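Colleague: build the 3D model from these lines:
(3 chains)
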Amino acid sequence: MKRHLLESADLDRADATLVLDTAAQIDQALAGREVKKLPTLRGRTVVNLFYEDSTRTRISFELAAKRLSADVINFSAKGSSVSKGESLKDTALTLEAMGSDAIVVRHGASGAPHRLANWVRGSVVNAGDGTHEHPTQALLDAYTIRRRLGRLAGVRVAIVGDVLHSRVARSNVWLLHTLGAEVTVVAPPTLLPVGVGTWPVEVSYDLDAVLPKADVVMMLRVQGERMNASYFPSAREYSRRYGLDGRRMAALGDEAIVMHPGPMNRGMEIAAEVADSVRSTIVEQVGNGVSVRMAVLYLLLGGRSE
Amino acid sequence: MTSYLIKGAKPLGGGPADVLITDGRIAAIGDSLSATGAEVIEAGGLIALPGLVDLHTHLREPGREDAETVETGSRAAALGGFTAVHAMANTDPVADTAGVVEQVWRLGGQAGLVDVVPVGAVTVGLAGERLAELGAMADSAARVRVFSDDGHCVSDPALMRRALEYVKAFDGVVAQHAEEPRLTAGAQMHEGDRSARLGLTGWPAAAEEAIIARDVLLAGHVGARLHVCHVSTAGSVELLRWAKSRGVQVTAEVTPHHLLLTDACAESYDPVFKVNPPLRTDEDVAALRRGLADGTIDAVATDHAPHAVEDKESEWAQARPGMLGLEQALAVVVETMVETGLLDWQGVADRMSMRPAAIGRLAGHGRPLAPGEPANLLLLDPAARVTVDPAALASRSRNSPYAGRELPGRVVATFLRGTPTVLDGKAVR
Amino acid sequence: MARSTEPARSPSSGSNPGVLLSAADVARVVDRMAHQLIERYARGGGVGDDGAIDPGSADGGLSDLVLVGIPTRGAPLARRLAARIEAFTGTHVDVGTADITLYRDDLRRRGVRALEPTILPDAGIDDRLVVLVDDVLFSGRSVRAALDALRDLGRPRSVQLAVLVDRGHRELPIRADFVGKNVPTSRSQQVRVHLTETDGADEVLVTDGRPEVRAAGEESQ
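Modeller: Okay, the predicted model is just below:
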């Protein structure tokens, strides 16, 4: 494993598999136990440095670190020195001087974790940067798929929605490709990046054509505001063409599952009856997130200190 | 005034000759010259070129003297072999009045290292709404002939048309920063394969090309001169070629960084590589080199854009666009154009001195190396290879995209009207 | 009290200086340890000189016994011991594994490694007689980590320790209750246990000095 987890490309197939296997062993070791805490990272300090509000991701990382007995500091940009104009670099150096061993960073600017990694000696974990990547989300998605379907190689995954602005989509495309899955991205052409043709994916504008062949349908959050920038004419038209409703769900194969990274826009990209169906892994994904993040923290921090 | 006898230099890369400089002019060029009382400069193996002229420099003064001043920028220019630089108008206050352009012009004269030629803003405050007093700037002591809102595009087509027409009265030229702003909202880098992967908002080539296409049509229609700043795409080169073939009075510049670097640099997310227009693809770089070689692109211009550390040591999106260029411009041209066989030394002199001086209507610059001409010239050691160390630069800023890169050629001496501004590779003051 | 039935033998006294135990030796030692466990845990029973079990005693305490192997090689050892006990007595013995990686206090020095399963019998370990099983007892740090892991997994009535090889050099007040073989070693020597399940063959090797290259997944103790 590299020292940092900045993007899915930091993980080769062996590393990615090691993370998933480690998460599985942690899950198994903790299953049914009253004491869900492990002493592994006793005395290590993990800083959650969040420049964007994301309660669910922050809590997931916090729980993961605490279950490994690390000390956790939550540093929210709001109401801190950052809101008084402190630069990312100064913040990073301050946190390091306070003895942080790892910084989990969520930032609105693509590449901010890469910058951070140049300035600190400890590990940097990308918890979502701009429209770039969110690698632990992809790992937990891969973990969820493997648990449900028993494999990743050859699994056909459709990623549907605002691929252009989605860090979840980018991380999943590269990680799932590394792990041997076959990915199709489905979106209106306005919500696909120029250059998507160089990605290791199939591209489709037609959700109905893709669904019958999909083992996994991963719905992305679509922000209604996008219609103000003419990415699509109206929320209703988007939902009609690219939303997953009960009728479309019926076109899926028997074993196919439906995923969503959350938070969902019910009625926009996903209908309530789909989100709450037995195919939906949405709640499971949240639980798996903790195990996967424990695995990541263990593998990054447990190693030799330099 | 001291006389100088340069021994054994190769003017424009030709056979060795001695050059005698007296009273600010080239007095003689020939074999085995001698002059009593002249200071002798041994220049065996060095190439003599006319002093370089930059059409596009940001000196930051007034307003951001922490990033650059007229003096520090002048020193950087002299070290790069320049004898004249055009100082862009996006200062604070904006150079949109005779008062501001005269202030910059006077500061340049005080520094005395290069001729600082102010560029006037096209529109008041660079706001793109109404014309600045172009005639007053033209008539001022600074004698402004190049007008540009650089940093911003004059995107209103009607306003652009009027600006093109109006400056004809004093033989001026509008230098357009070609960027359709509605297509580049929030843009961070070239839009293509790499931006898709990096999650950085794309700056499409079409946003530059659409403005160039529009402006060459307008310039042709009103019979005005148009200059296109920092051309960055293969499509732009094609449009310029087409316009020139139709007789449009259009000229264009390319920056050293667009001749050398590509959007692959953005993969580091290091904002030292963030620039506007953005670094493009390998294909664009190849087209720009060919365009410069065949004359479709007239000039190399640095777009030297100093930025304070805090404006670059940040997240990519928060960083200001721009990179240093004056001190490495010639070296980059040697690497990309001379060592590749695309330009000879005569061509380098043409694209970096003669043509930019002609575009800017500078009388004393861009002249041939010949007796009687003003002694604006530089001596280059083409065999030297220098590894760029930002800490060693004369600029007040450190945002060089060439840090750690080894580049060919070293400017050994620069003369401004017969007075050395650089000797032994060091600024005289 | 540690019980070893095999007299200590210098590693260099064998025909092959590196081999401490051959495959046949390993099998013999495992059998002996199984007998010792039966003797200790089979209530009211006894073991004859020939190793045969008193037929009337093959029950009782053995059903409360849980052999918990410490991965990697403690796990197959525990399974082998359980199989031998069942062969000798006809009584099934529960087996589990407890991965101790996440309990180690030397991660900074040793680096991370892949985790192995922690699997407990369905009946759990509460109020049962747990015997931790490992291949080599050295510093005692693995055992300490295993004891910490057990504390989080349940509350056994008692915990004892069985190891195939005790090579000395303890750094903690820990001793084994069942020892296959005591081996005096120098600190710089490496003792490696190979088992068919994990390494393709049964043998115990002793090598001198620092290992040049350690094979992936192989552990030196």
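Colleague: mind listing the helices for chain B?
Modeller: Counting by DSSP state H, chain B has helices at residues B:70-79, B:98-111, B:134-139, B:157-166, B:193-198, B:205-222, B:234-245, B:256-260, B:282-294, B:309-312, B:329-333, B:345-349, B:355-359.
Colleague: quick one, what contacts C:D99?
Modeller: A:25, A:29, C:70-71, C:115-118, C:149 (C-beta atoms under 8 Å, 6 or more residues apart in numbering or on different chains). All C-beta spots, glycine's among them, are computed from the backbone N, C-alpha and C.
Colleague: if you could redo that for B:L259, that was the one I meant.
Modeller: Counting by C-beta under 8 Å, 6+ apart, B:L259 has contacts B:285, B:288-289, B:292, B:300, B:332-333, B:336-337.
Colleague: circling back to that earlier point, out of the contacts of C:D99, what pair is the most spread apart?
Modeller: Greatest spacing in the contacts of C:D99, by C-beta to C-beta: A:Q25 and C:I70 (14.4 Å).
Colleague: looking at the two, which one has more neighbours?
Modeller: Remark: of A:Q25 and C:I70, C:I70 carries more neighbours, 25 against 20, as counted by other C-beta atoms under 10 Å in any protein chain shown.
Colleague: which residues touch that one?
Modeller: C:97-100, C:132-134, C:142-143, C:146.
Colleague: highest neighbour count among the residues you listed?
Modeller: That'd be C:V133 among these, by other C-beta under 10 Å, with 32 neighbours.
Colleague: so that one touches C:R80, yeah?
Modeller: No - taking contacts as C-beta atoms under 8 Å, C:V133 lies outside contact range of C:R80: 9.1 Å.
Colleague: can I get the contacts of C:D99 in a markdown table including secondary structure?
Modeller: Below are the contacts of C:D99 laid out as a markdown table (DSSP: H, G, I helix; E, B strand; the rest coil):
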| residue | secondary structure |
| --- | --- |
| A:Q25 | helix |
| A:A29 | helix |
| C:I70 | coil |
| C:P71 | coil |
| C:L115 | coil |
| C:E116 | coil |
| C:P117 | coil |
| C:T118 | coil |
| C:A149 | helix |
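Colleague: inside helices: which ones of the contacts of C:I70?
Modeller: Counting by DSSP H, these place C:142-143, C:146 in helices.
Colleague: so which of the residues you listed are also by chain A?
Modeller: Counting by C-beta under 8 Å from any C-beta of the partner chain, the subset of the ones in helices among the contacts of C:I70 that neighbours chain A is empty.
Colleague: just the closest of these to chain A, please.
Modeller: Taking C-beta to the nearest C-beta as the measure, chain A lies nearest C:A146 of the ones in helices among the contacts of C:I70, at 12.7 Å.
Colleague: ok, that closest one - contacts?
Modeller: With contact set as C-beta under 8 Å, 6+ apart, C:A146 has these partners: C:68, C:70, C:98, C:100, C:103, C:132, C:134.
Colleague: phi, psi for the second one please.
Modeller: Summarising the backbone geometry of C:I70 under the convention degrees, to the nearest 10, its torsions are phi -100, psi 110.
Colleague: name the nearest residue to it, ignoring sequence neighbours.
Modeller: Among residues not flanking C:I70 along the chain, C:D134 sits closest, at 4.5 Å (C-beta to C-beta, 6 or more residues apart in numbering or on different chains).
Colleague: what's the neighbour count on C:S63?
Modeller: C:S63 sits with 16 neighbouring residues when counted by other C-beta under 10 Å.
Colleague: and for C:L102?
Modeller: Close neighbours of C:L102, defined as other C-beta under 10 Å, add up to 27.
Colleague: and the residue of the stretch 51-200 of chain A nearest chain C?
Modeller: A:L68 (7.5 Å).
Colleague: ok, now how distant is B:P321 from B:G151?
Modeller: Computed as C-beta to C-beta, to the nearest Å, the B:P321 to B:G151 distance reads 9 Å.
Colleague: any shared contact partners between the two?
Modeller: By C-beta under 8 Å, 6+ apart, B:P321 and B:G151 have these common neighbours: B:N276.
Colleague: of the contacts of C:A146, which belong to strands?
Modeller: C:68, C:132, C:134 (DSSP state E).
Colleague: can I get the helices of chain B in CSV with mean pLDDT and distance to B:Y402?
Modeller: Converted to CSV, the helices of chain B look like this (pLDDT from 0 to 100; distance: least, C-beta to C-beta, whole Å):
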stretch, mean pLDDT, distance to B:Y402
helix B:70-79, 98, 13
helix B:98-111, 98, 24
helix B:134-139, 98, 34
helix B:157-166, 98, 34
helix B:193-198, 97, 20
helix B:205-222, 98, 24
helix B:234-245, 98, 23
helix B:256-260, 98, 8
helix B:282-294, 98, 15
helix B:309-312, 95, 14
helix B:329-333, 98, 7
helix B:345-349, 98, 18
helix B:355-359, 98, 21
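Colleague: quick one: closest of the ones you listed to A:V283.
Modeller: The nearest among the helices of chain B, by C-beta to C-beta, is helix B:193-198 at 31.2 Å.
Colleague: mind listing the strands for chain C?
Modeller: C:19-21, C:65-69, C:94-97, C:129-137, C:158-166, C:178-182, C:190-194, C:203-207.
Colleague: how about those in JSON lines, adding mean pLDDT?
Modeller: Shown next, in JSON lines, are the strands of chain C (pLDDT from 0 to 100):
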{"stretch": "strand C:19-21", "mean pLDDT": "93"}
{"stretch": "strand C:65-69", "mean pLDDT": "97"}
{"stretch": "strand C:94-97", "mean pLDDT": "96"}
{"stretch": "strand C:129-137", "mean pLDDT": "97"}
{"stretch": "strand C:158-166", "mean pLDDT": "97"}
{"stretch": "strand C:178-182", "mean pLDDT": "96"}
{"stretch": "strand C:190-194", "mean pLDDT": "94"}
{"stretch": "strand C:203-207", "mean pLDDT": "93"}
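Colleague: closest one to A:G130 among those strands?
Modeller: strand C:94-97 (43.7 Å).
Colleague: and which of the contacts of C:A146 is nearest chain B?
Modeller: When the contacts of C:A146 are compared against chain B (criterion: C-beta to the nearest C-beta), the nearest one is C:Y103, at 38.3 Å.
Colleague: what about that closest one, neighbour count?
Modeller: With other C-beta under 10 Å as criterion, C:Y103 counts 22.
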